[in-house]
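Peer 1: Have a look; sequence and predicted model below, questions after that.
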Amino acid sequence: MNSLFEYLIRLGDDSLILGHRLSEWCGHGPVLEEDIAMTNISLDLIGQTTSIFEYAGKVEGKGRSEDDIAFLRYQKDYKNLLLVERPNGDFGVTMMRQFLFDAFRKPLFERLVNASDAQLSAIAAKSLKETIYHLRHSSEWIIRLGDGTEESHQRIQDALDELWKYTAEMFVEDEVDESLLADGILPSMKGLKEEWMATVNSVLEQATLTIPTNNWEQHGGRNGKHSEHLGFILTELQYMQRAYPGMEW
Amino acid sequence: MKKEQDISELERKFQEKIDQDIKIEPKDWMPDNYRKTLIRQISQHAHSEVVGMLPEGNWITRAPNLRRKAVLLAKVQDEAGHGLYLYSATETLGADREDCIDDLHSGKAKYSSIFNYPTLTWADMGAVGWLVDGAAIMNQVPLCRCSYGPYARAMVKVCKEESFHQRQGYEIMMALAAGSVEQKEMAQDALNRFWWPSLMMFGPPDEDSKHTKQSMDWRIKRHSNDELRQMMVDITVPQAEAIGLTIPDADLKWNEEKGGYDYGEIDWDEFWNVVKGNGPCNKDRIDTRRKAKENGAWVREAANAHAEKRKARKLRRAS
C-alpha cells in the first residue's frame, strides 16, 4: 500500500463528502446569507478535493485523474470520517458537524503546512486560509444557537449529543500515519487532539453547552466501513459517471 | 387644491430629471406609482434569483465532474448574492425584505415563470445558463441605465456575473454537442424544452403588456418586450448553429429586409397558465421556499435572541 496515496484519499474524501452534504442545503437555508455561506464553504471543500485528488493521482502513478478518483470508486474505497457523511438534519446538526470538523481541520492543516512534501504543504497552506473562515463561521453559529432561545439551545445540544461519538475517529493514527511519520513525510501530530479539545471547550462554554458523558467511539470510515448513508451520497455523486461511462463533460 | 398643484409641480420636476437621464436616488421625491412599480419589479427580480437557485441546485449533487460541480456551485451562490443585493435595493424604497418574501410565498408576488419548468438532465444546466441567463442579460443590460440609481448600480454588478453564467451554460452545451450520440441527444432535448419558455421570459407581446409604456416613460425600461425578444432570437440562432443544434421552430427563417429572424408563434396560453400557477413546478418551488423559511424560523429567532443578550450584557458592563 502506498501510504501517501492512502493519506491523500482520506484527506480528500473528508472534503468531498462534507462538500457534498453542504451543497444539499443550496436553496434551503434558514436565511439567504446562510445559503451563500454554506455554498461558499462547499465550494472551498470541492476545490480542496480537486487539488488533493489531482496530487493523489500523480502519487499513485496509474494515470487516474482527480475525477476518476472522486467519482469512480466503490463505497468501501472511500475513506472519509463517519462524521462527514452524517445527514444534514436541521441547521443545528449541520453547524455542529461543521464546527467539530473545522476545529479539527484547522490544527491539522497548521501541521501539514510543515510537511516535507512540498505539494502537500502547499495544499495545506491554501486550505488553512479557508478553514480559518469556516471555523469562525461555524463557531459563531454554535454560540448563537446555544446561547439563543430555549428551543435552539435544546436543538444544538441534541446535535452535539448525536455527533459526539463520531469525533474520536479524527484522531486515530494507524499504520498509514505511522509510516508517513517514520519516513518524515508527515510532521508530528503531537497536541492535535488537545488543541481541538481546547477550541471545542471554549466554544461550547460560550454556547452554554455540555459535552455528553457517553464516551462511546464510533469508528469505521477511515477503513472503508461506512454507515448506510454513504451509499446514497454516492448514488447521486456518481450518477452521471455511472449512467454515461467514459464521457467528457 | 394647493397641495395638488405642489404635487404636479414635483411630478414635472421629477419627469424633467428622468428626461435628462439624472438618476433618482432613495431620498429624492418620487411619485407613489414609480416607487410601487420599482418595488414590484425589483422584488420580483429578487424572487426570480432566489427561486432560480432551485432548478440548478437540483443538479449540484449530480454534476458530472469536479470542475462542473464547482462552477455550478459558484453560479448558484452568485444568484443568492443577487437576491440579497436586490432585496436591499427594495429596502432603499421603503420595502421590507421579510414582507416581500411573504408576498412571494402567498402568491401575491410573481417571479420569472421559467423557473417553473423542471431541470431533467445535466444538459438542462447548459440550456438554463445559455438561454435563461442569456435572456436575463438581454433584459438586464438596459437596466444598468435604469432611472433609479440603486437598481441601476446593482444591475452593473449582476450583469457581469450573468455573462459568466451565460458562457458557462453555452460551454456545457458545446461539450455535449461535441460528445457522444447520447450527449448530443441530451443537448437537443434540453434546447427543445427550454427554447420557447426562454422566449416567453421577455413577457407578453407589446400590445398586451400593461406595464410597458409607463415604465418606458420613467426609463425603468428601455426596450419593449418584443424588441428584446427579437434581439434574443437574433443572437441565439447562430450560436445554436455553431454547435450543430437545431432551434425547435419550423417557421424560423432569416428576414433580409428587417435584418433579423422571423420566428414562429409563441404559445401564450402556456405562458399565462404557468404565470397563473399551472406550470409543472410552481407549487413545488413555492413549497420549497416556504419550507426553508419555516424550518429556519428557530434559527433566526435564536440569532435575534442571542444578539439581544449580547447587547444587554454590553450595557450591563458599561454601566
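Peer 2: Everything's here; your move.
Peer 1: In contact with the most centrally placed residue in chain A, which residues are there?
Peer 2: Taking CA atoms, centre = their mean, the centroid of chain A lies closest to A:Asp14, which sits 3.8 Å from it. Contact partners of A:Asp14, counting by CB atoms under 8 Å, 6 or more residues apart in numbering or on different chains, are A:Asn80, A:Leu81, A:Val84, A:Phe101, A:Arg105. Just so you know, the C-beta spots here come from the backbone N, C-alpha and C atoms, and that holds for glycine as well.
Peer 1: Could you rerun that using 7 Å?
Peer 2: Neighbouring residues of A:Asp14 by CB atoms under 7 Å, 6 or more residues apart in numbering or on different chains: A:Asn80, A:Leu81, A:Val84.
Peer 1: Could you measure from it over to B:Phe164?
Peer 2: 30 Å (CB to CB, to the nearest Å).
Peer 1: re the thing from before, and chain B, which of the contacts of A:Asp14 contact it?
Peer 2: Of the residues in those, proximity to chain B by CB under 7 Å from any CB of the partner chain holds for none.
Peer 1: mind checking pLDDT for B:Tyr1?
Peer 2: For the record, residue B:1 is Met, not Tyr. On pLDDT, B:Met1 comes in at 51.
Peer 1: Likewise for A:Gly224?
Peer 2: 97.
Peer 1: Quick check: the closest residue to it other than its chain neighbours vs B:Glu56, distance?
Peer 2: Once flanking residues are discounted, A:Gly224 sits nearest to A:Lys76: 4.0 Å by CB to CB, 6 or more residues apart in numbering or on different chains. To B:Glu56, A:Lys76 is 32 Å away according to CB to CB.
Peer 1: ditto for B:Ile18
Peer 2: For B:Ile18 relative to B:Glu56 (CB to CB), the value is 36 Å.
Peer 1: what does A:Asp158 give?
Peer 2: Distance, A:Asp158 to B:Glu56, by CB to CB: 32 Å.
Peer 1: if you count what's nearby, which of the two comes out ahead?
Peer 2: Between A:Asp158 and B:Glu56, B:Glu56 has the larger neighbour count (other CB atoms under 10 Å in any protein chain shown), namely 24 against 15.
Peer 1: Spatially nearest residue to the more buried one (excluding sequence neighbours)?
Peer 2: Using CB to CB, 6+ apart and skipping residues adjacent in sequence, the residue nearest B:Glu56 is B:Val76, 5.3 Å away.
Peer 1: Now do the same contact list for that neighbour.
Peer 2: Contact partners of B:Val76, counting by CB under 7 Å, 6+ apart, are A:Cys26, A:Thr39, B:Met53, B:Glu56, B:Gly57, B:Ile60.
Peer 1: Could you rerun that using 6 Å?
Peer 2: Contacts for B:Val76 (CB atoms under 6 Å, 6 or more residues apart in numbering or on different chains) come out as A:Cys26, B:Met53, B:Glu56, B:Gly57.
Peer 1: Just read off the phi/psi values of the last one.
Peer 2: Going back to what we said before, that points to B:Gly57. In terms of degrees, to the nearest 10, the main-chain angles of B:Gly57 are phi -60, psi -30.
Peer 1: which bits of chain A sit near chain B?
Peer 2: Within chain A, the positions near chain B by CB under 6 Å from any CB of the partner chain are A:23, A:26-28, A:30, A:32, A:35-36, A:39-40, A:42-43, A:46, A:50, A:66-67, A:70, A:91, A:144-145, A:147-149, A:151-152, A:236, A:239-240, A:247, A:249.
Peer 1: just so I have it, where are all the helices in the chain?
Peer 2: Picked chain A for this. Ranges of helices in chain A, per DSSP state H, are A:3-23, A:32-60, A:66-71, A:82-85, A:91-112, A:118-146, A:150-163, A:175-182, A:192-206, A:229-237, A:239-243.
Peer 1: not what I meant, chain B
Peer 2: Under DSSP H, chain B gives helices at B:2-19, B:32-57, B:66-91, B:97-106, B:123-127, B:133-140, B:149-177, B:181-200, B:212-217, B:225-242, B:268-273, B:282-295, B:297-318.
Peer 1: what's the closest of those to A:Ile185?
Peer 2: helix B:66-91 (25.0 Å; CB to CB).
Peer 1: For that closest one, what is the distance to the chain centroid?
Peer 2: Centre-to-centre, helix B:66-91 and its host chain are 12 Å apart (CA atoms, centre = their mean, to the nearest Å).
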